[in-house]
Structure formats: structure tokens, C-alpha cells
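Visitor: need a 3D model of the following:
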Amino acid sequence: MKTTRDTLETSKSNGKSPPWGMGRPRRKPPLADPRFTGLRDAVRRGWYNSATGEVWAGFRVTRDDIVLDAGCGEGNAVLFCAGQGAHVVFTDVDPKKVSTLTEKLRQTHAGKYEGFVSDCQPIPLPNAFATKILIQEMLEHTTDPAAVLAELARVGQTGATYLISVPDARSERLQKPVAHDIYFQIPNHLQVFNKKRFIALVEGAGLVVERYDTWGFYWTVFMSLYWLAHPANASHTPVLDRIHPPYHPVLQSWADTWEQMMLLPGSEKLMKSFDRFLPKTQVIVAVKK
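Guide: As a prediction, this is how the structure comes out:
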């Protein structure tokens with residue numbers, strides 16, 4: 001019975017190329033940036049569809065919209081909405097994030113934009129202000145998510161659409177044994193939501209859930225590996241703000257693997273399956289009636 005070594009030696013002696021491309025000189029693909037890999041993964045799964053103007057399926061933004069992003073962070077969603085010509089209003093507890101995003105918006109075609117610092121308890125906006133409200137990965141950082149969501153429901157017009165996301169409890173439980181204690185303390189994840197609690201929270205604010213979905217397996221694995229690679233990386237800043245180059249080899253390897261996987265035929269089906277059974281994030285599209 002031939003072994004892999006026998007096959008390779010035979011291939012060398014008869015001048016034929018070895019099977020599966022083994023032994024062939026290959027140009028190594030460029031290293032992926034793990035954060036951009038996560039963004040590309042998001043686009044593949046339905047985020048930021050410029051062809052339809054949807055931030056996520058069922059959440060379409062046009063130039064007629066007044067969009068509020070509560071907890072804007074780095075502002076990917078705000079920039080997308082600005083690109084659709086919408087009037088964008090954004091807020092975050094971090095003044096630096098607000099000022100940095102304001103500078104970026106000067107380079108866009110936003111109909112109008114304004115940012116301010118707020119924890120949304122309360123938010124300094126009038127009743128029935130916005131037509132679209134984004135609340136992404138923010139409620140888990142609050143001491144009273146029901147009060148925050150009720151306040152954001154107040155500023156939505158009748159018929160306003162909400163895009164709300166929180167980490168999935170399965171991902172949080174997976175990280176629990178390896179994550180630093182600070183991950184479940186201020187300013188990080190004070191709240192953990194399973195599907196039942198998340199839907200009840202949204203409906204408790206008087207909103208009607210139109211769609212529920214999950215995604216983000218890539219980030220579930222990435223964050224679990226992150227804690228193994230950086231067991232002592234504790235700081236009173238959001239965890240995502242501390243993930244930057246140079247990346248630990250295990251994180252770089254995971255990003256490179258995911259990038260190559262996304263190039264394979266059929267990868268979309270596998271990504272959907274991963275995102276269903278071990279997601280990083282839960283997403284709800286809801287409407288204020």
C-alpha cells in the first residue's frame with residue numbers, strides 16, 4: 001500500500017506533479033486583517049447591501065429617512081446610511097468616537113448629520129423624531145436595558161423601523177471559562193440575552209418584532225481565541241477597542257483560514273449553518289405601531 005511519501009517520491013521520479021498540489025511552489029496569499037475579515041463576513045451574510053440600501057435585510061434606508069444610531073461605536077452603519085443620503089444622527093458614551101465619526105462624515109453625501117455624547121438615559125431628542133433607529137451591540141452594556149429601549153422607542157415615529165442587535169447567550173457562555181472577568185463588567189457585557197429574553201425586551205418596549213436572525217460565528221471563535229491569546233489583557237475600555245495589529249499568530253491564522261474558506265464554492269451554506277448554531281449576535285427588525 002502506497003503511503004503519501006511513496007506517492008510524492010514516485011511523482012518526483014517520473015516528472016509528474018504530485019497530487020492535491022502537494023510540493024508545488026505556491027505564492028502565499030496576503031495576510032488578512034482580522035477585523036476586515038469580520039466585516040467581509042458580515043457583508044456576505046447580508047449586512048450593508050448597497051444595491052438595495054439595506055443595512056440588514058428588512059431595514060432599508062433612503063434619503064427621506066431620519067436615522068438615529070444609539071451607541072454608534074466606530075460608525076460603519078452610520079456611514080452606510082449617510083451614503084444613502086439620509087439625515088443621520090448618532091450618539092455614543094465615548095466623545096472620541098463621536099468626534100472621529102463626525103470627521104469621517106464630512107467626506108460623505110449625508111443629507112445632514114449631527115452627533116452628540118449620551119448614554120440614552122434620557123436621550124436629548126423630541127418625541128417621534130426618527131424614522132429608522134439602530135441599536136447595535138449596545139443594550140448589553142447598560143444597567144437597565146428596558147429603560148434605554150423604552151426611551152429609544154419614544155423618539156421613533158409611528159411606523160419607525162428598529163434594527164436591534166445583542167450578543168447571543170451561546171457565544172457568551174462559550175467565552176465564559178476563558179474570558180477575563182472584565183468582559184462581564186462595566187463597560188462591557190453586563191447583560192446576557194437568550195432569544196426569549198431578547199424578544200421579550202423588544203416587545204416590552206411596545207415594538208412589534210418582524211424578523212429575528214443570528215449571525216457571527218467567525219467572531220464567536222475569534223473572541224474565544226482572543227482570550228486564550230491575551231489572558232491578562234484587562235482594561236476598562238470596550239474589548240473591541242483593544243483588538244488591533246499586530247495580531248497574535250493564532251488570531252491571524254483564524255482570519256486567514258476564514259478568508260480562504262469564504263472563497264470556496266458552497267461556503268455560503270456553511271456560513272449560514274455556523275451562524276445558526278453558534279452565533280455571536282442576535283438581530284431583530286421591529287416596527288413601532
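Visitor: show me where the stretch 1-150 of the chain has its strands.
Guide: 54-56, 59-60, 66-70, 87-92, 112-117, 130-136 (DSSP state E, counting those that start in this stretch).
Visitor: including mean pLDDT, mean neighbour count and distance to G216, could those go into TSV?
Guide: Backbone N, C-alpha and C define where each C-beta goes, glycine included. Converted to TSV, the strands of the stretch 1-150 of the chain look like this (pLDDT from 0 to 100; neighbours: other CB atoms under 10 Å; distance: least, CB to CB, whole Å):
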stretch	mean pLDDT	mean neighbour count	distance to G216
strand 54-56	98	23	12
strand 59-60	98	20	17
strand 66-70	98	26	19
strand 87-92	97	25	21
strand 112-117	96	16	26
strand 130-136	98	24	12
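Visitor: kindly reformat these as CSV containing distance to H230.
Guide: As requested, the strands of the stretch 1-150 of the chain are exported to CSV (distance: least, CB to CB, whole Å):
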stretch, distance to H230
strand 54-56, 30
strand 59-60, 34
strand 66-70, 29
strand 87-92, 24
strand 112-117, 29
strand 130-136, 24
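Visitor: any low-confidence regions in the stretch 1-150 of the chain?
Guide: 1-29 (pLDDT under 70).
Visitor: follow-up on the earlier one: which one of the strands of the stretch 1-150 of the chain lies closest to T102?
Guide: With CB to CB, the closest approach to T102 among the strands of the stretch 1-150 of the chain belongs to strand 112-117: 5.1 Å.
Visitor: and the closest one, what other elements does it pack with?
Guide: Secondary-structure packing of strand 112-117 (3 or more CB pairs under 8 Å, 6 or more residues apart in numbering; DSSP states H and E): strand 87-92, helix 95-105.
Visitor: tilt between the longest one and strand 112-117?
Guide: Regarding helix 95-105 and strand 112-117, their directions subtend 170 degrees when assessed with axes from the mean of the first three to the mean of the last three CA atoms, to 10 degrees.
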